[in-house]
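J.: The following comprises the amino acid sequence and a computationally predicted model.
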Amino acid sequence: MNLFDVYPLFDIAIAKGKGCKVWDDKGEEYLDLYGGHAVISIGHCHPHYVEMLSAQLNTLGFYSNSVINPLQQQLAQRLGKASGYDDYQLFLINSGAEANENALKLASFYNGRTRVLAVEKAFHGRTSLAVEVTANPKIIAPINANNHTTFLPLNDIEAWERELAKGDVCACIIECIQGVGGIRMADDEFLRQLSALCAKYDTVLVADEIQCGYGRSGKFFAHQYAGIQPDIITVAKGIGNGFPMGAVLISPKFKPVYGQLGTTFGGNHLACTAALAVLDVMESEQLVENAAQVGEYLMKRLQEEQLPHVVEVRGRGLMIGIELDTPYKEVRNRLVHEQHCFTGCSGTNVLRLLPPLCIAKADADDFIQRLKAVLS
């Protein structure tokens, strides 16, 4: 049997990692400015994370959600405190797409509506409802094309108000910093006005914090720069530092109903242990603050360097886009093969930086030298 060939791969096998570095099976070292697609939050193979998961695996790896799992309640309390959402409810699943699926289902159960407003260039996942609110026709199969979604320009509040005023919108879903869409940021004032409009028209506001959340922006959640409280917040990626996990943070106005939502693997003992270890390290090593400080430093240095082919540097914290006047492919390939540095990409011409939150200023300086060598 062969693998179903859907990923364009670098001819590199990563064998181990530590902090912001990874090594291939030949022993070559790489600087990781991508964090496995924003997944590695506390760094590769953090000793506390490894110790906690190993201990849990020696005790109990899995049992179903038909019995009490105290780790789930511990996680809910810890996450509520860390994020500032103590009064919200937590539903645990396995991925970001699942988080958005369940968020949209909850919204529709709540107000009985079916229409969703989403942002042009949005990416919310590849499962049924998640792909419907993703603005990429290439990944929307005919069975998913149900015309539930209206896509609107980012930051055009008049366009959003016109649609919301029709009174039939179930939910608005938005990434406060678009990842796949090119590191485009929602304006704080736009978010404040959108939140007010959603409240006015009894529309559920869903903040997709799967990539921009969990400390990456320099606050726990990116929407907190605008001072709003969405009705539902979806998270994944950095919550488990590589262990598959997703979650939905749900406003108290939603009342749980037995059987309405469910999951086999979500919130299992290993996943909760991974998430608790992540919160331990984020707090003890002040990684949210580090994301703000090193992110600001890296962005400032990139802007001051005035590197050739760089049109704009934008983002918040450690979610940074470097827009080029040339397609990213050659630049990214040369960074990997010549400079041993991993980055991501968006669209056709944006390098996307999503490093582990433990990155140091010395690593940022190192990256700039490697990028300079390629662009020069």
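T.: Now that the structure is in, tell me what you want to look at.

J.: show me where the stretch 151-300 of the chain has strands.
T.: With DSSP state E, counting those that start in this stretch as the criterion, the stretch 151-300 of the chain has strands at 169-174, 177-178, 184-185, 204-208, 232-235, 246-250.

J.: relative to strand 204-208, how tilted is the first one?
T.: Same thing as strand 169-174. Relative orientation of strand 169-174 versus strand 204-208 (axes from the mean of the first three to the mean of the last three Cα atoms, to 10 degrees): 20 degrees.

J.: how far is strand 169-174 from where the chain is centred?
T.: In terms of Cα atoms, centre = their mean, to the nearest Å, the centre of strand 169-174 is set 18 Å apart from its chain centre.

J.: So what touches it?
T.: Strand 169-174 is contacted from outside by 100, 103-104, 107-108, 111, 113-119, 122, 124, 133, 160, 163-164, 186, 191, 194, 198, 201, 203-208, using Cβ atoms under 8 Å, 6 or more residues apart in numbering. Using the backbone N, CA and C atoms, a C-beta is placed for each residue, glycine as well.

J.: Neighbours of Val374, how many?
T.: Applying other Cβ atoms under 10 Å, we find 18 residues neighbouring Val374.

J.: got the CA positions of the host helix or strand of it in CSV?
T.: Using DSSP states H and E, Val374 sits within helix 361-375. What follows is helix 361-375, C-alpha atoms only, in CSV (Å, rounded to 0.1, in the frame of the first residue of the first chain):
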residue,chain,number,x,y,z
LYS,A,361,16.0,37.2,20.3
ALA,A,362,19.2,35.4,19.3
ASP,A,363,17.1,33.0,17.2
ALA,A,364,15.4,36.0,15.6
ASP,A,365,18.7,37.5,14.7
ASP,A,366,19.9,34.2,13.3
PHE,A,367,16.8,33.9,11.1
ILE,A,368,17.3,37.4,9.7
GLN,A,369,20.8,36.6,8.7
ARG,A,370,19.6,33.4,6.9
LEU,A,371,16.8,35.3,5.2
LYS,A,372,19.2,38.1,4.2
ALA,A,373,21.6,35.5,2.6
VAL,A,374,18.7,34.2,0.5
LEU,A,375,17.2,37.6,-0.5
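
J.: List the buried residues in that helix.
T.: Residues 363-364, 366-368, 370-371, 374-375 are the ones in helix 361-375 that count as buried (16 or more other Cβ atoms under 10 Å).

J.: show me what contacts Arg314?
T.: Arg314 touches 183-185, 320-321, 323, counting by Cβ under 8 Å, 6+ apart.

J.: from those residues, which is closest to Lys253?
T.: Met185 (27.7 Å; Cβ to Cβ).

J.: my guess is the closest one meets Gly317, correct?
T.: No. Distance between Met185 and Gly317: 11.1 Å, which falls outside the contact criterion (Cβ atoms under 8 Å).

J.: Which of the two has more residues huddled nearby?
T.: Gly317 (25 against 22).

J.: Look at the residue nearest to that one when sequence neighbours are not counted and report its pLDDT.
T.: Nearest non-adjacent residue to Gly317, counting by Cβ to Cβ, 6 or more residues apart in numbering: Gly218, 3.4 Å away. For Gly218, the model assigns a pLDDT of 98.

J.: dump the residue contacts of Gly218.
T.: With Cβ under 8 Å, 6+ apart, Gly218 has these contacts: 288-289, 291-293, 295-296, 316-318.

J.: In the stretch 251-376 of the chain, mark out all the helices, start to finish.
T.: Listed in chain order, the helices of the stretch 251-376 of the chain (DSSP state H, counting those that start in this stretch) span 269-284, 287-305, 328-337, 361-375.

J.: and the angle for the third one with helix 361-375?
T.: Helix 328-337 runs at 120 degrees relative to helix 361-375, counting by the same axes, to 10 degrees.

J.: avg pLDDT for helix 328-337?
T.: On average, helix 328-337 scores 96.

J.: Name the residues that touch it?
T.: Residues contacting helix 328-337 (Cβ under 8 Å, 6+ apart): 10, 12, 30, 309, 324, 341-343, 345, 348-351, 370-371, 374-375.

J.: Can you give me the buried ones in that helix?
T.: Neighbour-count burial for helix 328-337 flags 328, 331-332, 334-336 (criterion: 16+ other Cβ under 10 Å).

J.: Just the buried residues of stretch 195-204, please?
T.: Going by 16+ other Cβ under 10 Å, stretch 195-204 has these buried residues: 195, 197-198, 201, 203-204.

J.: got the CA positions of that stretch in PDB?
T.: The C-alpha coordinates for stretch 195-204 follow below in PDB (Å, rounded to 0.1, in the frame of the first residue of the first chain):
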ATOM      1  CA  SER A 195     -19.400  42.300  18.300                       C
ATOM      2  CA  ALA A 196     -22.000  44.900  19.000                       C
ATOM      3  CA  LEU A 197     -23.900  44.100  15.800                       C
ATOM      4  CA  CYS A 198     -23.900  40.400  16.600                       C
ATOM      5  CA  ALA A 199     -25.400  41.200  20.000                       C
ATOM      6  CA  LYS A 200     -28.000  43.500  18.400                       C
ATOM      7  CA  TYR A 201     -29.200  40.900  15.900                       C
ATOM      8  CA  ASP A 202     -28.800  37.800  18.100                       C
ATOM      9  CA  THR A 203     -26.100  36.400  15.900                       C
ATOM     10  CA  VAL A 204     -23.400  34.200  17.400                       C
END
